[in-house]
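Novice: give me a 3D structure for the following:
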Amino acid sequence: MTDEWDGWREAAQQALYGPGGFYVRPGGPGPSGHFRTSVHASALYAGAVARLLAEVDASLEQPRELALVDVGAGLGELLAAVLAALAPELSARVRAYGVERAPRPAGLDHRIEWLTEPPPGVTGLLFANEWLDNVPVDVAETDAAGVARYVLVRPRDGEERLGDPVTGPDADWLARWWPLPPDAGPGLRAEIGRPRDAAWAAAVATLDAGLAVAVDYAHERTARPPFGTLTGFRAGREVRPVPDGTCDITSHVALDACALPGAELLSQREALHRLGVTAARPPLALATKDPAAYVRALSGAGEAAELTARGGLGDFTWLRQPVPLPA
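Specialist: Alright, predicted model coming up:
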């Protein structure tokens, strides 16, 4: 580490994915070692993705080979659980891909191919759970005159200062998707989501036909957070974001900017309800008829409640992108 100052995009890129970075160092615990995601909260989540894959299969009139691509696969937990949840006749036609910059985890199901980029020219479901929030972006902040300037950061300790004014395509993106009022004074912040728009478009382009889904904490243009959302996570705790490789660096995603023609944005609560995940309690009569089944159903209802809770995991946004795109 040095005393040089970098833009947040460059600093986070090195901290997360550079040599020895947070997400690529060998033997690391993966995302589950630092924060709780829907994948780790309940097997119901993988079951819902399995049902979504079956829906895609039916809409494609059951192609001979069906791709399941997990972008930002972590340790492959979601892929392994989805494969286990599939009906045998569908599982036999599924080709699973884990897309991750870290090395292939030991003991991973042999049916899962491990890649650093999404495979091109496939048909099926591309699923990206909490991937885009880890695509590094630059941060802008207004100065005393209301001018949006790049925020520079010192990687060794996370100290910040303002750099040059935001210009060019980044300024155009801010004007369209996250306008910072010039008369609001200093201190307003925005994360410039252009790299995420490009990353998502590139991932969608790898599908010949099917459905691409991105799931993340998100916000829309009419309700952007005035001071941004940049933060860090380490060992299950939110921490100050310091791009020194010791913590996750993340920020919420402007998914409305990522969306391509024909896309649908909906809450995780609604998306999982559509896929049969509800927190409805089992009937009390089942407790008398089959106590063990009642206990299992009650446990499932509790897990479903966590996945769909307002103010929690239910507030994630799902971006559903059908492919081919509308003309």
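Novice: give me the buried positions along stretch 193-209.
Specialist: Neighbour-count burial for stretch 193-209, with 16 or more other CB atoms under 10 Å as criterion, is recorded at Gly193, Arg194, Pro195, Arg196, Asp197, Ala199, Trp200, Ala203, Val204, Thr206, Leu207. All C-beta spots, glycine's among them, are computed from the backbone N, C-alpha and C.
Novice: oops, could you answer that again for stretch 238-250 instead?
Specialist: Quick answer for stretch 238-250 (16+ other CB under 10 Å): Pro241, Val242, Pro243, Asp244, Gly245, Cys247, Asp248, Ile249, Thr250.
Novice: of those residues, closest to Leu60?
Specialist: Comparing these against Leu60 with CB to CB picks out Thr250 as the nearest, at 33.4 Å.
Novice: so can I have CSV of the buried residues of stretch 193-209 showing distance to Ala309, pLDDT and secondary structure?
Specialist: CSV is the format used below for these (distance: CB to CB, whole Å; pLDDT from 0 to 100; DSSP: H, G, I helix; E, B strand; the rest coil):
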residue, distance to Ala309, pLDDT, secondary structure
Gly193, 26, 98, coil
Arg194, 32, 98, helix
Pro195, 31, 98, helix
Arg196, 26, 98, helix
Asp197, 29, 98, helix
Ala199, 29, 98, helix
Trp200, 26, 98, helix
Ala203, 28, 98, helix
Val204, 29, 98, helix
Thr206, 33, 98, coil
Leu207, 31, 98, strand
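Novice: and those as CSV, adding distance to Val139?
Specialist: Written out in CSV, the entries for these read as follows (distance: CB to CB, whole Å):
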residue, distance to Val139
Gly193, 11
Arg194, 12
Pro195, 12
Arg196, 13
Asp197, 16
Ala199, 17
Trp200, 19
Ala203, 23
Val204, 26
Thr206, 29
Leu207, 31
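Novice: so what touches stretch 79-94?
Specialist: If you take CB atoms under 8 Å, 6 or more residues apart in numbering as the criterion, stretch 79-94 is touched by 39, 43, 45-47, 49-50, 53-54, 57, 62-68, 70, 73, 96, 98, 108-109, 111-112, 124.
Novice: what segments of the stretch 201-327 of the chain are strands?
Specialist: According to DSSP state E, counting those that start in this stretch, the stretch 201-327 of the chain carries its strands in the segments 207-216, 231-234, 237-239, 248-250, 264-267, 317-323.
Novice: tell me which of the ones you listed sits nearest to Arg224.
Specialist: Set against Arg224 and scored by CB to CB, the strands of the stretch 201-327 of the chain come closest in strand 317-323, at 13.6 Å.
Novice: who does the closest one touch, helix- and strand-wise?
Specialist: Using 3 or more CB pairs under 8 Å, 6 or more residues apart in numbering; DSSP states H and E, the elements in contact with strand 317-323 are helix 194-205, strand 207-216, helix 255-258, strand 264-267, helix 268-274.
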